[in-house]
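Participant: Mind looking at a prediction? Sequence and model below.
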Amino acid sequence: MQTTKIPATIVTGFLGSGKTTLMRHILDQAKGLRVAVIVNEFGELGIDGEILKTCAIGCKEEGGADGQIYELANGCMCCTVQEEFFPVMRELVARRGDLDQILIETSGLALPKPLVQAFQWPEIRNACTVDAVITVVDSPAVAAGTFAAHPEQVDEQRKQDPNLDHESPLHELFEDQLASADLVVLNKADLLDADALARVRAEVAEELPPAVKIVEANSGQLPLSVLLGLNAEAELHIDSRPTHHDHEGHEDHDHDEFDSFHVDLPEVEERALLDALNALVERHAVLRIKGFVAIPGKPMRLLVQGVGKRFDKHFDRAWRSDETRSTRLVVIGQELDQAIIANELRTALA
């Protein structure tokens, strides 16, 4: 019966929209709920997984919280779903009596539709249902008219020929994430005035069926009652939602146009690093930079996350005694030269 199925909430959204922040907020509120978390990270490092491991998760078993984090590496979830997602879900189904909720965070470059369709597989659909697909939107990025690193360039293209914007895989991915949504969160709403936010809401609403609700949030701060228990059963109607990628084979996958790599650095001064990163995104097609930074003389590790020219940072935890104090950054973008970018950073910080 439906009531016996484990509800799964899929959190999707573009790079830097605030998916991990929303996930942490859900976990912080989920007192007593036994939650399994599946994190899919585009890139060589599971930085989002590391962030989520700092949360207390209600389901206790051998291995503690680390045993509850399922991190699917090797690319976006829609490309790895058959190789990795199914075994993870089969394991969760086997202990369905120990779980109240599954949370799945997709990569910022992932297409949610194939993931939802995976819940149609007999072994999964008999035990789990997609409670909702929550698409998190970076409101300031939408207000700027772009989801790329250089909003002024893309905005100029849009003014000259609106059709060019739809040639961009970034824009198509964004539309496809909205096409699968059961709830849309306009995140970072506090960074816009009322008129700009109204324009964002109107633009997003154009891509949605009337039944899909739009809510506004600051740093993903929404009541648990808004985010969980939607009972959308998304797997039953996902096939009727058209997307740009419905008829593409894997060889045509737009994700092939994205590069991801990491750069290792020693301890660096915070201001010098941020200046170097801002200069970097001016010269290269970098979409996102994120990672952990060792600041000289600081006992805390600095978490840096940047989309385009906008960088957020905070100290997330103290360095452990068994850790090497070093800096590691993941760089995500299009047609990037890893050697040149790494050398530019090291030179700027020398």
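Facilitator: Everything's here; your move.
Participant: What is the burial count for the closest residue to E207 other than its chain neighbours?
Facilitator: Of all residues not flanking E207 in the chain, L178 sits nearest, at 4.3 Å (C-beta to C-beta, 6 or more residues apart in numbering). C-beta coordinates here come from the backbone N, C-alpha and C atoms, glycine included. L178: 24 surrounding residues under other C-beta atoms under 10 Å.
Participant: give the contact list for L178.
Facilitator: 135, 137, 184, 204, 207-208 (C-beta atoms under 8 Å, 6 or more residues apart in numbering).
Participant: Report whether it is found in a helix, as I expect.
Facilitator: Yes. Counting by DSSP: H, G, I helix; E, B strand; the rest coil, L178 falls inside a helix.
Participant: any idea how far it is from S219?
Facilitator: Distance from L178 to S219, counting by C-beta to C-beta, to the nearest Å: 21 Å.
Participant: V204 looks like it's in a helix, true?
Facilitator: Yes. The assignment for V204 (three-state DSSP) places it in a helix.
Participant: Could you double-check that it lies in contact with I214?
Facilitator: Yes. Counting by C-beta atoms under 8 Å, I214 is a contact partner of V204 at 6.2 Å.
Participant: Compare the two (neighbour count), which wins?
Facilitator: For the pair V204 and I214, the greater number of neighbours falls to V204 (20 against 17), based on other C-beta under 10 Å.
Participant: can I assume V200 is in contact with A144?
Facilitator: No. The pair V200 / A144 is not scored as a contact, 9.9 Å apart, by C-beta under 8 Å.
Participant: re the thing from before, possible to save the contacts of L178 as CSV with pLDDT and distance to S107?
Facilitator: Listed next are the contacts of L178 as CSV, based on pLDDT from 0 to 100; distance: C-beta to C-beta, whole Å:
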residue, pLDDT, distance to S107
T135, 93, 13
V137, 91, 16
V184, 95, 18
V204, 91, 21
E207, 87, 20
L208, 89, 22
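Participant: Identify those among those that sit within helices.
Facilitator: Residues of these located in helices (DSSP state H): V204.
Participant: From the contacts of L178, pick the one nearest R288.
Facilitator: Among these, V137 lies closest to R288 (C-beta to C-beta), at 15.7 Å.
Participant: list the contacts for the closest residue to the closest one other than its chain neighbours?
Facilitator: Distances taken as C-beta to C-beta, 6+ apart put L186 closest to V137, at 5.2 Å, once the chain neighbours are dropped. For L186, the contact set (C-beta under 8 Å, 6+ apart) comprises 137, 139, 197, 200-201, 204, 214-217.
Participant: Most neighbours of all these, which one?
Facilitator: Ranked by neighbour count (other C-beta under 10 Å), the contacts of L186 have V137 at the top, with 29 neighbours.
Participant: show me the contacts for that residue.
Facilitator: 13-14, 17, 178, 184-187, 200, 204.
Participant: And the helices in this structure, which stretches?
Facilitator: Going by DSSP H, the chain shows helices at 19-29, 47-52, 77-80, 86-94, 112-118, 122-125, 139-144, 151-160, 162-165, 169-179, 194-205, 224-227, 270-283, 338-348.
Participant: ok, the lengthiest strand in the chain: who's next to it in the sheet?
Facilitator: Taking DSSP state E as the criterion, the chain has its longest strand at strand 128-138. Neighbouring strands of strand 128-138 in its sheet, by DSSP bridges, are strand 6-13 (parallel), strand 183-187 (parallel).
Participant: Who is the closest residue to A234 other than its chain neighbours paired with across the strands?
Facilitator: Closest residue to A234 in three dimensions, ignoring its sequence neighbours and counting by C-beta to C-beta, 6+ apart: V130, at 3.8 Å. Beta bridges link V130 to A8, judged by DSSP bridges.
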